[in-house]
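Colleague: Show me the folded form of this:
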Amino acid sequence: MADFKASLSDAAPAPDLEPPLAALWWAAKGNWDAAHKLVQDEKTASSAWVHAYLHRVEGDLGNAGYWYRQAGKPVATGSLETEWEQMVSALLGDHV
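Modeller: Now for the predicted structure:
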């Protein structure tokens, strides 16, 4: 996770990042449009989870709930920071 966090200081995400991680990278940079575009058409549970998180951050809880269901996840009730850490850990764990 340290490498991913360190990459947030880069000018662009690493080209080999999977769409869900690249979306989180763009979200961390404040580019919500780029983040949404990377996951909106993806059909994976991890992309749906990230999409749910993006909507949750934006306060769009109706769409967040939809995407949590698509991801097979319960609607998050913890802090955004905790969910961020869980997502990044889970996504990086898939690729270690």
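
Colleague: quick one: the residue lying farthest from the centre of the chain and Trp67, what's the gap?
Modeller: Computed with Cα atoms, centre = their mean, the residue of the chain farthest from its C-alpha average is Ala11, at 18.5 Å. According to Cβ to Cβ, to the nearest Å, Ala11 and Trp67 sit 29 Å apart. (C-beta placed from N, C-alpha, C; glycine too.)

Colleague: Also Glu58?
Modeller: Relative to Trp67, Glu58 is positioned 12 Å away (criterion: Cβ to Cβ).

Colleague: For Ser47, what are phi and psi?
Modeller: According to degrees, to the nearest 10, the main-chain angles of Ser47 amount to phi -70, psi -40.

Colleague: how close does Ala23 get to Pro13?
Modeller: Looking at Ala23 against Pro13, where the rule is Cβ to Cβ, the gap reads 9 Å.

Colleague: So these two - more neighbours on which side?
Modeller: Neighbour totals were compared for Ala23 and Pro13, and Ala23 leads with 30 against 20 (other Cβ atoms under 10 Å).

Colleague: So for the more buried one, what pLDDT did the model give?
Modeller: Ala23 carries a pLDDT value of 93.

Colleague: next one: Asp3
Modeller: For Asp3, the model assigns a pLDDT of 67.

Colleague: Then His95?
Modeller: The model reports His95 with a pLDDT of 46.

Colleague: which helices and strands does the host helix or strand of Ala34 pack with?
Modeller: Taking DSSP states H and E as the definition, Ala34 sits inside helix 32-39. Contact analysis of helix 32-39 by 3 or more Cβ pairs under 8 Å, 6 or more residues apart in numbering; DSSP states H and E lists helix 19-28, helix 45-57 as its packing neighbours.
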